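what follows is a predicted structure for the sequence shown.
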Amino acid sequence: MPDSPVDIRPADSDDADAVAAVYAPYVERSVVSFEEVPPDGAEMARRMLAQPRLPWLVATRDGEVVGYAYASQHRARRGYRWSVEVSAYLNASEHRRGTGRRLYDDLLTAVRGLGYVRALAGITLPNAASVGLHEAVGFAQLGVFRGVGFKHGDWHDVGWWQLSLAASPPDPPEPSTWSP
């Protein structure tokens, strides 16, 4: 029997508990995230609504959330307002099925359409799967921050990747707010 298709759609607060469940193993059992306590659904809903409002997408298969991707503000200073950080998380059952690629394709299209110029991604190293995904959608490595994250009794490097979403305009218009 063939796999059911994966659907990508905007996330909303009704998805927050499922998004938290996808993310929890990354917090509890890996160094992919440097959070130490998994956020609950209420915290995820708060993050989805953070200002400036940026896209949060979920991947669903058979009506169940199996992954998500989102953009967030890169830095608080105004001069950074045309740059976003992006992340994607998947249930283990979705790895190597194209779900991450689909999420990123839709997410990057959305942030480009809002007027963002650069997308950045931080990846705890080593992480060949995440590096492969980011490079497959066009990100290029910028550099590595050595030993900047401490978790599970060890120091970890974080690599940074960047994708140009648009040419650098001399007088860029303000990015738009996402409205799902």
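On my side now, so go ahead. Numbering: from 1, shown residues only.

and stretch 24-44, what's its mean pLDDT?
What stretch 24-44 shows for mean pLDDT is 97.

contact partners of it?
Stretch 24-44 is contacted by residues 16-17, 19-20, 23, 47, 89, 92, 124, 127, 130, 149-152, 154, 156 when judged by CB atoms under 8 Å, 6 or more residues apart in numbering. The C-beta positions use only the backbone N, C-alpha and C, and glycine is treated the same way.

and these, which of them are in helices?
Among these, the members falling in helices (DSSP state H) are 16-17, 19-20, 23, 47, 130.

in three-state terms, label the nearest residue to residue 121 once chain neighbours are set aside for me.
In this structure, residue 121 finds its nearest non-sequential neighbour in residue 161, 4.7 Å apart by CB to CB, 6 or more residues apart in numbering. Following DSSP: H, G, I helix; E, B strand; the rest coil, the label given to residue 161 is strand.

where does pLDDT dip in this protein?
Residues of the chain that meet the criterion pLDDT under 70 lie in 1-2.

what segments of it are strands?
6-10, 56-61, 64-73, 83-90, 118-125, 140-151, 154-164 (DSSP state E).

what's the second one packed up against?
Contacts defined by 3 or more CB pairs under 8 Å, 6 or more residues apart in numbering; DSSP states H and E place strand 56-61 against strand 6-10, helix 16-29, strand 64-73, helix 99-113.

now it against strand 83-90, angle please.
Put simply, strand 56-61 runs at 20 degrees to strand 83-90, going by axes from the mean of the first three to the mean of the last three CA atoms, to 10 degrees.

what pairs with strand 56-61, and is each one parallel or antiparallel?
Counting by DSSP bridges, the strands paired with strand 56-61 are strand 6-10 (antiparallel), strand 64-73 (antiparallel).

would you turn these into CSV with distance to residue 85 and mean neighbour count?
Listed next are the strands paired with strand 56-61 as CSV, based on distance: least, CB to CB, whole Å; neighbours: other CB atoms under 10 Å:
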stretch, distance to residue 85, mean neighbour count
strand 6-10, 19, 15
strand 64-73, 5, 21
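
which of those sits closest to residue 141?
For residue 141, the closest of those is strand 64-73, at 19.5 Å, according to CB to CB.

give me the distance between that closest one and the centre of its chain.
6 Å (CA atoms, centre = their mean, to the nearest Å).

what's the angle from that strand to helix 16-29?
Going by the same axes, to 10 degrees, strand 64-73 makes 80 degrees with helix 16-29.

C-alpha coordinates for strand 64-73, CSV please?
Output of strand 64-73 as CSV, limited to C-alpha atoms (Å, rounded to 0.1, in the frame of the first residue of the first chain):
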residue,chain,number,x,y,z
GLU,A,64,-1.6,14.1,12.1
VAL,A,65,1.1,16.6,12.5
VAL,A,66,4.4,14.9,11.6
GLY,A,67,6.6,17.9,11.3
TYR,A,68,6.8,21.7,11.3
ALA,A,69,9.0,24.6,10.1
TYR,A,70,9.1,28.2,11.1
ALA,A,71,10.8,31.5,10.6
SER,A,72,11.8,33.7,13.5
GLN,A,73,13.4,37.1,13.9
